[in-house]
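Peer 1: no sequence on this one, just coordinates:
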């Protein structure tokens, strides 16, 4: 039933009357019967009831994974929501590497924000503009339209009661000279389209009369800096594009093409399970994709990359036709200004607490790649916890007393659960063992500190992925939706320092696994429960997951159609 | 059978072995079973036989309708063919107005040239470059790669035995100030993509907070200069896009949108039948598209268009958000240089004779929009014809003598046939009538001149359309294919000035009709035989014709899919 209601929400049919649509999906062979029956009356009644009291205004900055997931899950019956983003669409970024080579078209991975919020128009408003400045003191944001050559003021300001910052990250060049001027990036749809044109440029230039073989080879050397999932997937896509399509159209230069991945670490895909990174390296070696590990790029110029081999310390110059810089995330300038203003100037990324509230800045929330959750260490609160748990004021904690607060501790400090799991401690009593391993009935404050002293080492910052961003957006929308209810009946963990409870449970991330498509219809996947899957079947799993995760039925059908089209006709090599 | 062999030629399946492909077309419900069985052996044998003698080299400039049609029909077993074009694809330009609004995607109307010539690689070579200069004296062309930032020489020269100039035309601004800076054009795929982005920009800007209604109205005023088929189709597409899709996403400004077509003539679509132009004007009026006829644009600035109303002589200023300049074709600079060099400097467009040979320039041919056929007047040759026809040297021409040469005259001077038809003269004897209408048995030279004196008034230059270009390309390929055969056994009309015949029949254009899609699923069509068709059924005819005219099965299926997708999901409004 969940699938059906989701479908009902997501499918944007172009008329509001009831209609029956039968879409036959060739690829899946599935048949989907869909009936839509919109009844707006209830909504209208509800709204007029709520309009009598002043509605709070939420301003959302950004329409990426975090922002869009927030908007989709937001119950807008009790808030006015305004969205500001320089892009009037949501882009399914995990498919950008596919867009670079035309496996999937750019238009198939984007969905207009106005389509996503259409059924709620009136309550959600969208402005295509960049945020220039957040002014937390006056509760307002200053924005500027990205369209400059039309009449009317470009700048405007919006006031907010709550601000959700979901602006994502920008590329981090680590101040490497020449990167901004000579590298391609892979963060935006436009980046992917530009890469696609440049790949064709390299081939068209390489086949022209009058070039030496060395020049042709240089133009056909594609360098990818960064061996993370994006860089690796792009290398794999490019390899497929070249060997499945381009060699047939440019047969004279087919032996001169070379793809190189430069990785500063010892392995590519080093955030994945070791088996996956090994599988990827072996596959790339077999495919002829060169992987240079332990190399740091120190300069990029128009036709070459300078890098330092870490092991020997020597510098190597590699000529190239195109470089894709696919490593590092950085903070956007206006977010940095905001951080300065609220006293986070020394941090490298905007920090929130576990409820995704920006630290030291009331009514501002931050989700997605632009932020990190600054998790509280249990050791900072250890005395308060001890006091709160020691209900009989005996100066020692019994196992029973500890067990009474344990659930709240685990919710408030998720590192505790990770610690217990990673140390295979299935009974809390085991925490109470002394240094010789003897069980104790009760511990004093020092013993308690000792027992939990290693717990904080389990704290990990969340990766800058679509999955984290989407879960954060969804979590935050849930908090707003249950604002009144949870403030009346708090559902969060108890406040150890004072009486009462937190209104909400803190955000917890649930890792659902990750994929690394490796080209040639093969992929690797890390699934929940330490499962690892590799090969052709994993590629099919990848297809299914990515198709199901699409933001609308429109993009879902377009993406599946693109895969089918690629299979029948190959990828298009027109330079547009 | 013709359909099947065409299919066999056009369908680019990604392997050369036999395979069976079943494509089920949802939209048409049709089922197409296709079996390909390529046998290259015969070709190879033929080629090696011909390689023994020196093969002539044909260089083709341009891959538009003319160039591509030439390449598709060229039998390359006896020539080496090299193609130079700044675009590595063929674009189905009649669908560009549909691309501006996303009814059809840009990628669906382009086919890589290398795909078109793939099966012939080795004989046809393609270089992505612009032609800088034609050097007819040394039989060479100087070209420059359009890719500037890669290693290797950008300029190169190609020698030719025969040169085919098929570079198309560029926009003609008639030196109107501000057009280049502030107008959009609709000649290239990139132009259409840019228009699509700009339309969305206008809407996004118009809904921003802080604009006056007047400013919103200005930004949402779309002006089209030129009421020809392209301008009218774009206006209709834009109207559909706005009213079928955008008003739902930008409801607050839906009453501020305005579309205006400015036409200097008295009617839009004035090259069409009067009924069609009347139908179009009525439909546009009903749709709220303003048509300003008899107005000449004298200046375009960033936010306004100045025009002169011809009837009153007054100047009017119209504020705008976007202007599309869709009138006039001009000669490219390097073609102009070439014209200067060969003594055609005073002409406004490159002239060829009826065999598409550039005048006064041996071995150079010109086809498509960049050229015009400078048809010979019969009055220039009247004495020669009279002498040749007067076989008994009597000083007068009998009807029998005239009838002997009539067929050759009609082939050589096609205006004669047009003249006979348009004056409803079904018998040649009627030409011989004297001024009082009495039939004569024979005429002297003065009488003969008088009889044919009005014939040349029927000469018309061919329109700059895809249809003309494609027929010219095909005609020229046919001439090259039958070069030896026709030089041995000429098939053209007799040479009146000397003995013998022309090797080939001159090019004749066969008008197959033209369409004007008018939006709202309605189109108008002028069909051969002065048939006129208007309405919904004509739109379906338009769909069928445009689908069937696609250059490959890939683009055909993509275009039909796009139409289906538009029908189900509407047009995408993402600004990418």
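Peer 2: On my side now, so go ahead. Fair warning: this is a prediction, and the values are worked out from it, not measured in the lab.

Peer 1: residues touching residue A:374, list them.
Peer 2: Neighbouring residues of residue A:374 by CB atoms under 8 Å, 6 or more residues apart in numbering or on different chains: A:351, A:352, A:353, A:359. (C-beta placed from N, C-alpha, C; glycine too.)

Peer 1: sketch out the low-pLDDT regions of the stretch 101-250 of chain A for me.
Peer 2: Screening the stretch 101-250 of chain A residue by residue with the criterion pLDDT under 70, one finds the ranges A:119-122.

Peer 1: equivalent analysis for chain A, please.
Peer 2: A:1-53, A:119-122.

Peer 1: any idea which strand is longest in it?
Peer 2: Among all segments of chain A classified by DSSP state E, the strand with the greatest residue count is strand A:124-135.

Peer 1: and after that one, which helix or strand comes next?
Peer 2: Next in sequence after strand A:124-135, counting helices and strands by DSSP states H and E, comes strand A:140-145.

Peer 1: helices or strands up against that next one?
Peer 2: Packed against strand A:140-145 by the contact rule (3 or more CB pairs under 8 Å, 6 or more residues apart in numbering or on different chains; DSSP states H and E) you find strand A:124-135, strand A:155-159.

Peer 1: measure the residue nearest to residue A:449 when sequence neighbours are not counted to residue A:448 for me?
Peer 2: Closest residue in space to residue A:449, ignoring its immediate chain neighbours: residue A:382 at 5.4 Å, by CB to CB, 6 or more residues apart in numbering or on different chains. For residue A:382, the distance to residue A:448 under the criterion CB to CB, to the nearest Å works out to 7 Å.

Peer 1: settle it for me: which of the two has more neighbours?
Peer 2: Per other CB atoms under 10 Å in any protein chain shown, whichever of residue A:382 and residue A:448 has more neighbours is residue A:448, with 22 against 18.

Peer 1: could you pull up the contacting residues of the more buried one?
Peer 2: A:382, A:386, A:397.

Peer 1: dump the residues you listed to CSV, plus distance to residue A:338 and secondary structure.
Peer 2: Putting the contacts of residue A:448 into CSV (distance: CB to CB, whole Å; DSSP: H, G, I helix; E, B strand; the rest coil) gives the following:
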residue, distance to residue A:338, secondary structure
A:382, 33, helix
A:386, 37, helix
A:397, 42, strand
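
Peer 1: distance between the ends of stretch A:147-154?
Peer 2: 8 Å (CA to CA, to the nearest Å).

Peer 1: what do you get for stretch A:216-233?
Peer 2: For stretch A:216-233, by CA to CA, the gap between its terminal residues amounts to 25 Å.

Peer 1: what about it and chain B, any contact?
Peer 2: Yes - for stretch A:216-233, a contact with chain B is found by CB under 8 Å from any CB of the partner chain, at A:216, A:218, A:219.

Peer 1: do the same with stretch A:55-71
Peer 2: No - shown here: stretch A:55-71 not in contact with chain B (CB under 8 Å from any CB), separated by at least 10.6 Å.

Peer 1: end-to-end on that stretch?
Peer 2: 17 Å.

Peer 1: pull out the buried residues from it.
Peer 2: A:55, A:57-71 (16 or more other CB atoms under 10 Å in any protein chain shown).

Peer 1: could you list the domains of chain A?
Peer 2: As given by automatic domain parsing, the domain ranges for chain A are A:54-169+A:331-375+A:461-489, A:179-330+A:513-569, A:378-458.

Peer 1: how far does the first one stretch from start to finish?
Peer 2: Across its full length, domain A:54-169+A:331-375+A:461-489 reaches 22 Å end to end, with CA to CA as the criterion.

Peer 1: what about that domain, distance to the chain center?
Peer 2: Shown here is domain A:54-169+A:331-375+A:461-489, whose average C-alpha point lies 13 Å from the average C-alpha point of the whole chain (CA atoms, centre = their mean, to the nearest Å).

Peer 1: ok, then the element right after the helix or strand harbouring residue A:336?
Peer 2: Following DSSP H and E, one finds residue A:336 within helix A:333-341. Downstream of helix A:333-341, the first helix or strand assigned by DSSP H and E is strand A:350-352.

Peer 1: now do the very next helix or strand once past that following strand: which elements does it pack against?
Peer 2: Scanning forward in sequence from strand A:350-352 by DSSP H and E, the next helix or strand is strand A:364-366. The criterion is 3+ CB pairs under 8 Å, 6+ apart, and the helices and strands that strand A:364-366 contacts are strand A:162-165, strand A:350-352.

Peer 1: can you tell me the SS state at residue A:518?
Peer 2: The assignment at residue A:518 comes out as strand when based on DSSP: H, G, I helix; E, B strand; the rest coil.

Peer 1: so it touches residue A:285, yeah?
Peer 2: No - under the criterion of CB atoms under 8 Å, residue A:518 is not in contact with residue A:285, lying 11.8 Å apart.

Peer 1: the two - which one has more neighbours?
Peer 2: Looking at residue A:518 and residue A:285 with other CB under 10 Å, you find the greater number of neighbours at residue A:518, namely 29 against 11.

Peer 1: in contact with the more buried one, which residues?
Peer 2: A:232, A:233, A:236, A:279, A:280, A:283, A:284, A:524.

Peer 1: and with 10 Å instead?
Peer 2: The contact partners of residue A:518, by CB atoms under 10 Å, 6 or more residues apart in numbering or on different chains, come to A:232-233, A:235-237, A:239-240, A:269, A:276, A:279-280, A:282-284, A:287, A:289, A:524, A:534-535, A:538-539.

Peer 1: could you pull out the strands for the stretch 151-300 of chain A?
Peer 2: Counting by DSSP state E, counting those that start in this stretch, residue ranges of the strands within the stretch 151-300 of chain A are A:155-159, A:162-165, A:170-171, A:183-184, A:221-225, A:258-263, A:289-293, A:295-300.

Peer 1: could those strands go into CSV alongside mean neighbour count?
Peer 2: CSV is the format used below for these (neighbours: other CB atoms under 10 Å in any protein chain shown):
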stretch, mean neighbour count
strand A:155-159, 15
strand A:162-165, 26
strand A:170-171, 18
strand A:183-184, 20
strand A:221-225, 26
strand A:258-263, 22
strand A:289-293, 19
strand A:295-300, 20
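
Peer 1: separation between residue A:153 and residue B:201?
Peer 2: Following CB to CB, the distance that separates residue A:153 from residue B:201 is 16 Å.

Peer 1: in this structure residue A:457 contacts residue A:419, no?
Peer 2: Yes - A contact is recorded between residue A:457 and residue A:419 when judged using CB atoms under 10 Å, the distance being 7.7 Å.

Peer 1: more neighbours: which of those two?
Peer 2: Summary of the neighbour comparison: residue A:457 and residue A:419, criterion other CB under 10 Å, with residue A:419 having more neighbours (20 against 12).

Peer 1: wait, is that one part of a helix?
Peer 2: Yes - inclusion of residue A:419 in a helix is indicated when three-state DSSP is applied.

Peer 1: so who does residue A:183 touch?
Peer 2: Taking CB under 10 Å, 6+ apart, one finds A:171, A:173, A:176, A:223, A:225, A:297, A:300, A:305, A:320, A:322-326 in contact with residue A:183.

Peer 1: can you redo those as a markdown table with distance to residue A:565?
Peer 2: Putting the contacts of residue A:183 into a markdown table (distance: CB to CB, whole Å) gives the following:
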| residue | distance to residue A:565 |
| --- | --- |
| A:171 | 31 |
| A:173 | 36 |
| A:176 | 38 |
| A:223 | 29 |
| A:225 | 31 |
| A:297 | 36 |
| A:300 | 35 |
| A:305 | 35 |
| A:320 | 31 |
| A:322 | 25 |
| A:323 | 29 |
| A:324 | 25 |
| A:325 | 30 |
| A:326 | 26 |
